[in-house]
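**Student:** Structural data only, the sequence is not supplied:
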């Protein structure tokens, strides 16, 4: 009962956040100078044509009327029509979202693997030079944002040692049998490992750039909580029972040390998704972020709104899931 | 144990010292850019385009770090770029710190509806991808140095607000605050004279971090062509230019990238170093 009330409360604050985000974006982008209609028409268009199209997109109404029309549309699943691409916004956004999600999830997997490995190595060899080296690496990884890592990776592995692709999502020459936009998952389902490998080779560098700062955070926090756990009595007990150091770290200390890191990963994952906007641009990866930048450049108001709302929805859902997982995993909260 | 603490202290000292030196040198370069830089950063020499740096064959000793595709001197552009980078870093970093910390202090100390309103605003802000938000704001404000600074303040105040709010709440629960209340000191007095000084180390550390972030934001906006103007010598603009000619002239990208890397790293390490120096437990 208590849990249900907590969830309902969370859903209420979530909708306040979402509506707030919608209001902020809606009014901010309407202050943008530059007429989107004039931008989509050829230079010789008559005043009359501009006026007619402006009315067609509802841009002649007052800003409050526009907001009301847009909001009622949203509740019916209609996010309007993109001005620059002349298609309904939602299908456009949904066609790009899977690419961004795949990139973000791949980056998360890389971050957890690197960060976890570094934390475990640091604890296994604590108070040695290895741990110092890991501390320094964490410090650098944390200080430098994904944008710079991406550029460094482009110089190192795109130009000096060209092993990975630095542009696009998949080689354009390939025939794509896909019916969904989840290329990575679908290529596995269809057992087309040639396509899968090509996708990964394209995704690896942008994903690694997104992963490095998160890996450093995971490594730092997990190492710290592991080291604290290693001093607890039950760990000492299992050591006196004669278990090996590796067993003690992996089977005894890790399960108890991992909870704070899990919560942190959830929050940081939304930051990582926010980072895809510029990273997709850098690597010409056809995801939602790349589309968002184009939408701003083209003053495509309905498309900008749609994309921002989808991002906001994604972030709030992730936060909700994180909180609920935390409540389920933490025995103190579960039995409260 | 004592030994270990000594080595930690030494390492922290080295960190503060190294990052401080780099930032100091960069600040001096920025300050005296017109006197130091060997060439006019905007001067084009189309016959000297894409000259490699001094150690490579075919280089011209007049252009130590080579030239870009329009024959502009990379070194001079880097030095002048430091001016823009440091102006953005200092002004945007400090202004963001002031706005965010003020709101955070109010929310954390006043509680009640003030806290509810500010916290809800932070939640809404956190629902936007920051880079997208920045690009949107520049589209609204127009390009230019002032717009970039305003955009950074508008987006990043939440970073200070969240931390300072939590910190102010912690401090408010402490005994010295209760005793100040019992002693009948006015609330405003307690906020400024008791709580603020105790939150200040955190704010200082976050501020230098924010300065590094500000430099990055400028670079990102230059990259999507929304920063100052395309030929103004900014590090981000140089990077964007270098990205397009990366296979013909890697140095046009590599040098500004290296300088940006070291500057951002120094800002954050300097902040961490300062925080540890203020930390009474480590001290």
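**Tutor:** Sure, I can see it. Small disclaimer: the values here were computed from a predicted structure and weren't measured. Numbers count the residues shown, from 1 in each chain, chains lettered A, B, ... in the order given.

**Student:** now the helices for chain B?
**Tutor:** B:2-31, B:33-36, B:74-110, B:112-126, B:130-141, B:145-172, B:175-182, B:187-190, B:196-223, B:235-244, B:250-278 (DSSP state H).

**Student:** wait, which of those helices is closest to residue A:47?
**Tutor:** Among these, the nearest to residue A:47 by Cβ to Cβ is helix B:130-141 (24.9 Å). Glycine gets a C-beta too; all of them are placed from N, C-alpha and C.

**Student:** The closest one and chain A, any residue contact?
**Tutor:** Yes. For a cut-off given as Cβ under 8 Å from any Cβ of the partner chain, helix B:130-141 has contacts with chain A, namely B:130, B:131, B:132, B:135, B:136, B:137, B:139, B:140.

**Student:** Spatially central residue for the chain, please.
**Tutor:** Chain wasn't specified; assuming chain A. Geometric centre of chain A, nearest residue: residue A:273, 1.7 Å, by Cα atoms, centre = their mean.

**Student:** please go with chain B instead
**Tutor:** Closest-to-mean residue, chain B, Cα atoms, centre = their mean: residue B:211 / 1.8 Å.

**Student:** Okay, that one and residue A:303: tell me how far apart.
**Tutor:** 34 Å (Cβ to Cβ, to the nearest Å).

**Student:** now residue B:198
**Tutor:** For residue B:198 relative to residue A:303 (Cβ to Cβ), the value is 47 Å.

**Student:** more neighbours, those two?
**Tutor:** Neighbour comparison, residue B:198 and residue A:303: the larger count goes to residue A:303, with 27 against 15 (by other Cβ atoms under 10 Å in any protein chain shown).

**Student:** can you tell me which helix or strand that one belongs to?
**Tutor:** helix A:301-329 (DSSP states H and E).

**Student:** what's the closest non-adjacent residue to the residue in the stretch 151-300 of chain A that chain B sits nearest to?
**Tutor:** Nearest to chain B, among the residues of the stretch 151-300 of chain A, is residue A:274, at 3.7 Å (Cβ to the nearest Cβ). Of all residues not flanking residue A:274 in the chain, residue B:129 sits nearest, at 3.7 Å (Cβ to Cβ, 6 or more residues apart in numbering or on different chains).

**Student:** Which residues are in contact with the one you found?
**Tutor:** Counting by Cβ atoms under 8 Å, 6 or more residues apart in numbering or on different chains, residue B:129 touches A:273, A:274, A:275, A:276, A:277, A:289, A:292, A:308, A:311.

**Student:** what do you get for residue B:216?
**Tutor:** So residue B:216 contacts A:145, A:147, A:148, B:260, B:264 (Cβ under 8 Å, 6+ apart).

**Student:** Which of the residues you listed sits closest to residue A:170?
**Tutor:** Set against residue A:170, the nearest of the contacts of residue B:216 by Cβ to Cβ is residue A:147 (23.4 Å).

**Student:** circling back to that earlier point, with respect to residue A:92, which of the helices of chain B lies nearest?
**Tutor:** helix B:130-141 (15.9 Å).

**Student:** Which positions in that closest one come out as buried?
**Tutor:** Using 16 or more other Cβ atoms under 10 Å in any protein chain shown as the test for burial, helix B:130-141 gives B:130, B:131, B:132, B:133, B:134, B:135, B:136, B:137, B:138, B:139, B:140, B:141.

**Student:** can you check stretch A:243-252 too?
**Tutor:** By neighbour count with 16+ other Cβ under 10 Å, stretch A:243-252 contains the buried residues A:248, A:249, A:252.

**Student:** before we move on, what about stretch B:171-181?
**Tutor:** B:171, B:172, B:177, B:180.

**Student:** Stretch B:25-44 now?
**Tutor:** B:26, B:29, B:30, B:33, B:37, B:39, B:41, B:44.

**Student:** Run the angle between the helix or strand residue A:259 falls within and helix B:130-141 for me.
**Tutor:** Assigned by DSSP H and E, residue A:259 belongs to helix A:254-282. Helix A:254-282 and helix B:130-141 are oriented at 40 degrees to each other (axes from the mean of the first three to the mean of the last three Cα atoms, to 10 degrees).

**Student:** continuing past helix A:254-282, what's the next helix or strand?
**Tutor:** helix A:288-297.

**Student:** ok now that following helix, how far from the chain's centre?
**Tutor:** In terms of Cα atoms, centre = their mean, to the nearest Å, the centre of helix A:288-297 is found 15 Å from the chain centre.

**Student:** Tell me if it is near chain B.
**Tutor:** Yes. Using Cβ under 8 Å from any Cβ, helix A:288-297 reaches chain B at A:289, A:292, A:293, A:296, A:297.

**Student:** tell me the contacts of the second one?
**Tutor:** Think residue A:292. Applying Cβ under 8 Å, 6+ apart, the residues near residue A:292 are A:277, A:304, A:307, A:308, B:129, B:132, B:135.

**Student:** Let's have the residues you listed in a markdown table, adding pLDDT and distance to residue B:20.
**Tutor:** Compiled in a markdown table, these are given as follows (pLDDT from 0 to 100; distance: Cβ to Cβ, whole Å):
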| residue | pLDDT | distance to residue B:20 |
| --- | --- | --- |
| A:277 | 93 | 33 |
| A:304 | 89 | 42 |
| A:307 | 92 | 42 |
| A:308 | 90 | 40 |
| B:129 | 89 | 33 |
| B:132 | 89 | 34 |
| B:135 | 88 | 33 |
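
**Student:** Rebuild the residues you listed as a markdown table, extending it with distance to residue B:248.
**Tutor:** Shown next, in a markdown table, are the contacts of residue A:292 (distance: Cβ to Cβ, whole Å):
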| residue | distance to residue B:248 |
| --- | --- |
| A:277 | 28 |
| A:304 | 35 |
| A:307 | 35 |
| A:308 | 38 |
| B:129 | 33 |
| B:132 | 32 |
| B:135 | 28 |
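
**Student:** Give me the below-cutoff pLDDT ranges for chain B.
**Tutor:** Residue ranges of chain B with pLDDT under 70: B:1-12, B:226-231, B:279-283.

**Student:** Next, count neighbours for residue B:94.
**Tutor:** By other Cβ under 10 Å, the residues close to residue B:94 number 15.

**Student:** Correction: the previous question concerned residue B:66.
**Tutor:** Every residue meeting other Cβ under 10 Å relative to residue B:66 is counted, giving 24.

**Student:** From residue B:49, how far off is it?
**Tutor:** Where residue B:49 is concerned, residue B:66 sits at a distance of 10 Å (Cβ to Cβ).

**Student:** dump the residue contacts of residue A:209.
**Tutor:** A:146, A:147, A:149, A:150, A:153, A:279, A:282.

**Student:** Give the burial count for the second one, as a bare number.
**Tutor:** For residue A:147, the count of nearby residues is 25 (other Cβ under 10 Å).

**Student:** Run through the residues that contact it.
**Tutor:** Residue A:147 touches A:209, A:275, A:278, A:279, A:282, B:216, B:219, B:220, B:223, counting by Cβ under 8 Å, 6+ apart.

**Student:** if you set the cut-off to 7 Å instead, what comes out?
**Tutor:** Counting by Cβ atoms under 7 Å, 6 or more residues apart in numbering or on different chains, residue A:147 makes contact with A:278, B:216, B:220.

**Student:** Same list (those residues) but as TSV, adding distance to residue A:4.
**Tutor:** Shown next, in TSV, are those (distance: Cβ to Cβ, whole Å):
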residue	distance to residue A:4
A:278	40
B:216	43
B:220	43
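
**Student:** Quick check: the gap between residue A:317 and residue A:258.
**Tutor:** According to Cβ to Cβ, residue A:317 and residue A:258 sit 23 Å apart.

**Student:** Which pLDDT value does the model give the nearest residue to the residue nearest to the centre of chain A once chain neighbours are set aside?
**Tutor:** Nearest residue to residue A:273, sequence neighbours excluded (Cβ to Cβ, 6+ apart): residue A:104, at 4.9 Å. Residue A:104 is assigned a predicted lDDT (pLDDT) of 95.
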